[in-house]
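A.B. asks: pasting a predicted model and its sequence here:
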Amino acid sequence: MLTIMAITIGLFFAMNIGASGAAASMGIAYGSGVVKKTIALLLCGVAVFFGAWLGGGEVVKTMGSGIVPSSTFTVNISLIVITTAALSLFLANIFGIPLSTSEVTVGSVVGAGMVYQSIYLGKLVWIVSFWLITPILAFSIAIAAATLLKQRWIKKWLEAPKAVPFLSVLVVLLGMFEAFSAGMNNVANAVGPLVGASILSIESGIFWGGLFVALGALLLGHRVIETNGKKITTLKLEEGCVISGTGATIVTGASMLGIPVPLTQITTSSIIGIGFAKHGMAVLKKDIVVQMLTVWIVSPVISMVLSYTLIQLFIEQNVYPIIAMVGVLISVFGVLSLLKRATVRELNFRRD
């Protein structure tokens with residue numbers, strides 16, 4: 001019964017991954033009017049399935065046995081890990097917080113590893129370093145590419161009528177490449193813990209996981225691609241090619257190394273890089289940087305705490321760490337409340 005529940009929740013999680021992250025990969029091609037929405041989602045579904053099936057194995061190995069030993073995962077543990085990852089994303093969607101699927105799932109696995117003190121710290125540090133490096137790399141590549149597009153001979157070619165059909169085809173192909181890379185990297189979030197617990201083999205995990213990620217993009221991705229498409233209508237076709245190509249290349253490289261990385265943050269960094277090359281420091285608003293850093297920290301921490309708490313409660317039936325955690329939370333909120341009151345008093349004093 002628990003095995004069926006774990007597989008069901010894992011595949012449901014896969015559909016949600018397809019509906020959010022994967023569907024967004026074709027937003028540029030749809031938003032620029034090159035392809036209709038149904039065609040964009042169909043192409044996305046095909047690409048994301050083959051990405052997961054052909055290239056998702058390495059990241060699945062990392063999620064299943066690279067961060068903690070596979071012996072950490074039982075059916076019960078894998079059920080809690082996947083449930084907390086899915087629950088974290090669900091809560092984030094309710095409150096409108098854009099969490100990263102990969103970071104949330106890694107945090108959930110780490111929460112299980114904390115309970116049994118079985119985390120491979122070296123591997124975890126290696127993964128976290130990629131979360132820091134890949135957005136910076138995407139930002140830098142986007143600036144270099146956007147600067148190149150300003151060259152006189154390239155601008156002359158881009159303004160020629162024959163450039164539009166070529167760029168239209170290229171933006172669709174690179175959108176499919178981005179969906180392919182999303183499948184490679186994200187399928188592990190849904191099936192990695194199931195493979196770690198030997199509920200599924202790697203081969204069956206990437207096949208069924210990839211299939212449900214594709215179904216999620218095809219059946220549930222309409223709203224995401226509509227929203228994402230409208231956001232990027234101000235981008236030119238060549239800029240869309242740079243953003244999709246940069247994100248897809250970085251995520252594919254990380255997937256081949258078995259590293260789960262945040263595609264959304266990488267894509268956002270590319271968009272900011274394009275804006276930086278066009279408008280300079282004005283695009284680096286404090287709010288954007290703070291939001292990215294907050295997501296970077298909150299995504300894994302919220303799922304780690306949930307996973308750790310549920311395993312302590314339901315598997316180990318140990319309430320003492322929970323009491324300690326509640327005490328920490330009360331202390332933190334208490335200190336924040338006192339700091340806020342002190343700030344208000346200081347402001348009122350200066351006004352008087």
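C.D. replies: Right, received. Where do you want to start?
A.B. asks: show the pLDDT at residue 231.
C.D. replies: You'll see residue 231 listed with a pLDDT of 61.
A.B. asks: ok, residue 286 next?
C.D. replies: For residue 286, the predicted pLDDT is 58.
A.B. asks: what does residue 150 give?
C.D. replies: Reported pLDDT for residue 150: 85.
A.B. asks: likewise for the one 5 residues further on?
C.D. replies: Model confidence at residue 155, given as pLDDT, is 83.
A.B. asks: quick check: it vs residue 148, distance?
C.D. replies: 10 Å (CB to CB, to the nearest Å). In short, each C-beta sits where N, CA and C put it, glycine included.
A.B. asks: quick one, helices of the stretch 101-250 of the chain?
C.D. replies: Assigned by DSSP state H, counting those that start in this stretch, the helices in the stretch 101-250 of the chain fall at 101-116, 121-149, 152-158, 163-196, 202-220, 222-231, 237-256.
A.B. asks: where among those helices is average confidence lowest?
C.D. replies: helix 222-231 (a mean of 72).
A.B. asks: what's around residue 290, how many residues?
C.D. replies: 10 (other CB atoms under 10 Å).
A.B. asks: tell me the secondary structure at it.
C.D. replies: helix (DSSP: H, G, I helix; E, B strand; the rest coil).
A.B. asks: before we move on, what about residue 258?
C.D. replies: coil.
A.B. asks: what sits against it?
C.D. replies: Under the criterion of CB atoms under 8 Å, 6 or more residues apart in numbering, the neighbours of residue 258 are 58, 59, 61, 62, 66.
A.B. asks: just confirm the third one contacts residue 202, I think it does.
C.D. replies: Yes - with contact defined as CB atoms under 8 Å, residue 61 and residue 202 form a contacting pair (6.9 Å).
A.B. asks: any residues in contact with both of those two?
C.D. replies: residue 195.
A.B. asks: quick one: which of the helices of the stretch 101-250 of the chain is nearest residue 297?
C.D. replies: Among the helices of the stretch 101-250 of the chain, helix 101-116 comes nearest to residue 297, with 9.2 Å by CB to CB.
A.B. asks: restrict that closest one to CA atoms and write it as CSV.
C.D. replies: C-alpha atoms of helix 101-116 as CSV (Å, rounded to 0.1, in the frame of the first residue of the first chain):
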residue,chain,number,x,y,z
THR,A,101,12.1,22.1,-7.7
SER,A,102,15.7,20.8,-7.6
GLU,A,103,16.6,22.7,-4.5
VAL,A,104,13.4,21.7,-2.8
THR,A,105,14.0,18.0,-3.5
VAL,A,106,17.7,18.1,-2.4
GLY,A,107,16.6,19.8,0.8
SER,A,108,14.1,17.1,1.5
VAL,A,109,16.7,14.4,0.9
VAL,A,110,19.1,16.2,3.2
GLY,A,111,16.4,16.4,5.9
ALA,A,112,16.3,12.5,5.8
GLY,A,113,20.1,12.4,5.9
MET,A,114,20.1,14.7,9.0
VAL,A,115,17.9,12.3,10.9
TYR,A,116,20.3,9.3,10.3
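A.B. asks: and that helix, what does it pack onto?
C.D. replies: helix 75-95, helix 121-149, helix 163-196, helix 286-310 (3 or more CB pairs under 8 Å, 6 or more residues apart in numbering; DSSP states H and E).
A.B. asks: which one of the ones you listed is the most hemmed in?
C.D. replies: helix 163-196 (a mean of 26; mean count of other CB atoms under 10 Å).
A.B. asks: helix 75-95 and that one, what's the angle between them?
C.D. replies: Computed by axes from the mean of the first three to the mean of the last three CA atoms, to 10 degrees, the angle separating helix 163-196 from helix 75-95 equals 140 degrees.
A.B. asks: and helix 163-196 with helix 101-116, angle?
C.D. replies: Using the same axes, to 10 degrees, helix 163-196 lies at 20 degrees relative to helix 101-116.
A.B. asks: dump the residue contacts of residue 52.
C.D. replies: Contacts of residue 52 by CB under 8 Å, 6+ apart are 183, 184, 186, 187, 206, 209, 210, 213, 214.
A.B. asks: how close does the fourth one sit to residue 207?
C.D. replies: Put plainly, it is residue 187. With CB to CB as the criterion, residue 187 and residue 207 are 9 Å apart.
A.B. asks: I'd like the distance between residue 276 and residue 295.
C.D. replies: Residue 276 is 19 Å from residue 295, by CB to CB.
A.B. asks: before we move on, what about residue 262?
C.D. replies: In this view, residue 262 and residue 295 are 8 Å apart by CB to CB.
A.B. asks: joint contacts of the two?
C.D. replies: Common contacts of residue 262 and residue 295 (CB under 8 Å, 6+ apart): residue 100.
A.B. asks: residue 322 touches residue 313, doesn't it?
C.D. replies: Yes - using CB under 8 Å, residue 322 makes contact with residue 313 at a distance of 6.4 Å.
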